[in-house]
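**Student:** would you be able to build a 3D model of this:
(2 chains)
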Amino acid sequence: MGKFVIPVGPQHPALEEPESFSLMLEGERVAAANVTLGYNHRGIEKACESRTYIQDIYLLERICGICSHAHSTCYVQTVEDVAGLEVPKRALYIRSLIGELERVHSHLLWLGIAGHEIGFESLFMYSWKDREVVMDILELLTGNRVNYGMNTVGGVRRDITPEQAQDVLKALVILEEKTKYYIQLANEEVTLIDRLQGVGRLSKEDVLKYGATGPVMRAAGVSRDIRKDDPYAAYGELDFEVITDTHADVLGRTVVRVKELMESYKMIRQILKQMPDGPITVRAPKKIPAGEAVSRYEAPRGEDIHYLRSDGTDKPDRVKVRAPTLANLAAISNMLEGGYLADVPIVIAAIDPCFSCTDRAIKVVNASGGESMFDWEGLRRYSIDWYRKQGIDMKGTKLSRGED
Amino acid sequence: MIVDRIVTWARMKSPWIVHFNSGACNACDIEVLAALTPRYDVERFGILLKGSPRHADVLVCSGPVTLQQKERLKTIYEQMSEPKFVLAVGTCASSAGVFNGCYGVCGGVDTVLPVSAYIPGCPARPEAIIDGVVKLLKSLKK
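**Tutor:** Residues are numbered from 1 along each chain as shown, chains lettered A, B, ... in the order given. Predicted coordinates:
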């Protein structure tokens, strides 16, 4: 059978964001899949180095417009860690509250997109209609539907009044009722189960091998959640379960996400009940002492990691972001290969990809069409050789270990 | 000409849009999609999201234009048939916003294409997007 390659993207109706896939087909089945990234590369990490710590919060918040609170919280945690700030408890609770509301909005959004990809348009419209309930709550609490701007170094910027807390509880009643329907749908609806079962399988071994994270990992039965394993903000004081499933396919990822919604509601109730009184921010120095820190955050899509190195000025020396989608993308070829072409959109959608989060590195493409990619050692070797040809020989420079 | 007036009337009643992410953070894209869902439901005005630029009248751009997307944005625009309009949704699409000065960003959408309407906001609210489209259509009348 002849093989041929189908390019998908960077502009494609099934994709929300610019990324491109090249799918090698054997009949209806995908024989090989390659992902090309970088269309969304803006240069945020470098830009962070030329802006102050406070400005960076708002820049990093805009890495992603869905899990914006995840990125800003993860970043301020690194700064607070280096500066040795003790964040007030109330601020930590508010951070967790916004984080959980964000998870609710993100999972409902994903459910709609998944419905859209499999041609279940009613689910798309239903879940996005319900999502507006949580968007209203987020707007009420933070002043904006997305990109909340709640975090600052040393706390949060807005307090929550008892009236607002009441409104959140009222909205939870509506959301909970709707979510029960979605859970029933994922567990009982025959069409949905037939469509999703066995699609995009990624076994437990492969999850661990490729380092997949978030609902993709938990759907394969790996019980790992940063909120439980390495509690940040107020999660250490909350009682919740880590949802896992054994399907290890798209159906499992759907079940995990809808069940996580219920856990989020449970947590929001506890947060509102247990939230202590007190200040919401501590005074933070403008100049952060030299040091480095890593912080982890369970974003709706999985584990988000921020690294910060400071040099004692008011601007960071280096900021590095590892978004959850990057971890999941390593496994996507494995999920696609052997599957049908028709399953490609839902398999890609099922990792809940966020390419604006992910595009952290660029590949050099020559104008002639050839591609070249350097690893660190290769680039170093290239630069040394190039200078040698220019007549600048750095004798004694080791090309790599065990050479020269 | 009566034919022209009928054509303009028809165009105003059913502007089809194509959405292009030129390097956005997703927030504006989601708000564009949210405008299609029951709360806002722009389809009742005849506004339809199309997959192909060849079918669309309005190019809705979100996000600052990244160097990678610059040429692709031009290609998409060239594939659209006349008359065509470009809508810059969000602060980034209007002026690169918070990403101004990043090495991977060449500026707002107007550095690459002629823009008919700017919709500010970070992200632009669905109401604002609908308002922008309506204002764009009103300008067609003249």
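**Student:** what's the local residue count around A:Leu261?
**Tutor:** Using other CB atoms under 10 Å in any protein chain shown, A:Leu261 has 24 other residues around it. Backbone N, C-alpha and C define where each C-beta goes, glycine included.
**Student:** do you know how far it is from chain B?
**Tutor:** Separation of A:Leu261 from chain B (CB to the nearest CB, to the nearest Å): 18 Å.
**Student:** list the contacts of residue 127.
**Tutor:** Defaulting to chain A. A:108-109, A:111-112, A:115, A:182 (CB atoms under 8 Å, 6 or more residues apart in numbering or on different chains).
**Student:** sorry, should have said chain B
**Tutor:** B:Tyr40 are the contacts of B:Glu127 under CB under 8 Å, 6+ apart.
**Student:** SS state for the residue nearest in space to the middle of chain B?
**Tutor:** For chain B, B:Val60 is the residue whose C-alpha lies nearest the centre (CA atoms, centre = their mean; 1.8 Å). Following DSSP: H, G, I helix; E, B strand; the rest coil, the label given to B:Val60 is strand.
**Student:** in contact with it, which residues?
**Tutor:** Contact analysis of B:Val60 by CB under 8 Å, 6+ apart lists B:17-20, B:32, B:87, B:89, B:129.
**Student:** columns pLDDT and secondary structure on top of the contacts of A:Ser127, output as a markdown table?
**Tutor:** Shown next, in a markdown table, are the contacts of A:Ser127 (pLDDT from 0 to 100; DSSP: H, G, I helix; E, B strand; the rest coil):
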| residue | pLDDT | secondary structure |
| --- | --- | --- |
| A:Leu108 | 93 | helix |
| A:Leu109 | 92 | helix |
| A:Leu111 | 92 | helix |
| A:Gly112 | 90 | helix |
| A:Gly115 | 86 | helix |
| A:Tyr182 | 91 | helix |
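**Student:** nearest to A:Thr78 among these?
**Tutor:** Closest to A:Thr78 out of those is A:Leu109 (27.1 Å), distances taken as CB to CB.
**Student:** phi, psi for the residue of chain B at minimum distance from chain A please.
**Tutor:** With CB to the nearest CB, the shortest gap between chain B and chain A falls at B:Ala27, namely 2.4 Å. With angles defined as degrees, to the nearest 10, B:Ala27 sits at phi -60, psi -50.
**Student:** tell me the pLDDT of it.
**Tutor:** According to the prediction, B:Ala27 has pLDDT 89.
**Student:** before we move on, the earlier item: and the residue nearest to the centre of chain B, how far from A:Arg145?
**Tutor:** Note on B:Val60: its distance to A:Arg145, by CB to CB, to the nearest Å, is 18 Å.
**Student:** and the nearest residue to B:Val58 once chain neighbours are set aside, what is it in contact with?
**Tutor:** With sequence-adjacent residues excluded and distances taken as CB to CB, 6 or more residues apart in numbering or on different chains, B:Val58 is closest to B:Ile17, at 4.5 Å. Counting by CB under 8 Å, 6+ apart, B:Ile17 touches B:47-50, B:56-60, B:87, B:133.
**Student:** picking that back up, among the contacts of B:Val60, which one has the most neighbours?
**Tutor:** Comparing the contacts of B:Val60 on neighbour count, B:Val89 comes out first with 30 neighbours (neighbours: other CB under 10 Å).
**Student:** pretty sure that one is touching B:Ser62, no?
**Tutor:** Yes: contact criterion CB atoms under 8 Å: B:Val89 and B:Ser62 qualify, at 4.7 Å.
**Student:** mutual contacts of these two, please.
**Tutor:** In terms of CB under 8 Å, 6+ apart, B:Val89 and B:Ser62 are both contacted by the residues B:28, B:32.
**Student:** so which residues on chain B come close to chain A?
**Tutor:** For chain B, the residues in contact with chain A (CB under 8 Å from any CB of the partner chain) are B:20-31, B:33-34, B:37-39, B:50-53, B:63-64, B:66-69, B:72, B:76, B:98-99, B:101-105, B:122-123, B:125.
**Student:** neighbours around the nearest residue to A:Gly155 once chain neighbours are set aside, how many?
**Tutor:** Distances taken as CB to CB, 6+ apart put A:Thr281 closest to A:Gly155, at 3.0 Å, once the chain neighbours are dropped. The local packing of A:Thr281 (other CB under 10 Å) involves 18 other residues.
**Student:** please report phi then psi for A:Thr281.
**Tutor:** Main-chain dihedrals, A:Thr281, degrees, to the nearest 10: phi -150, psi 150.
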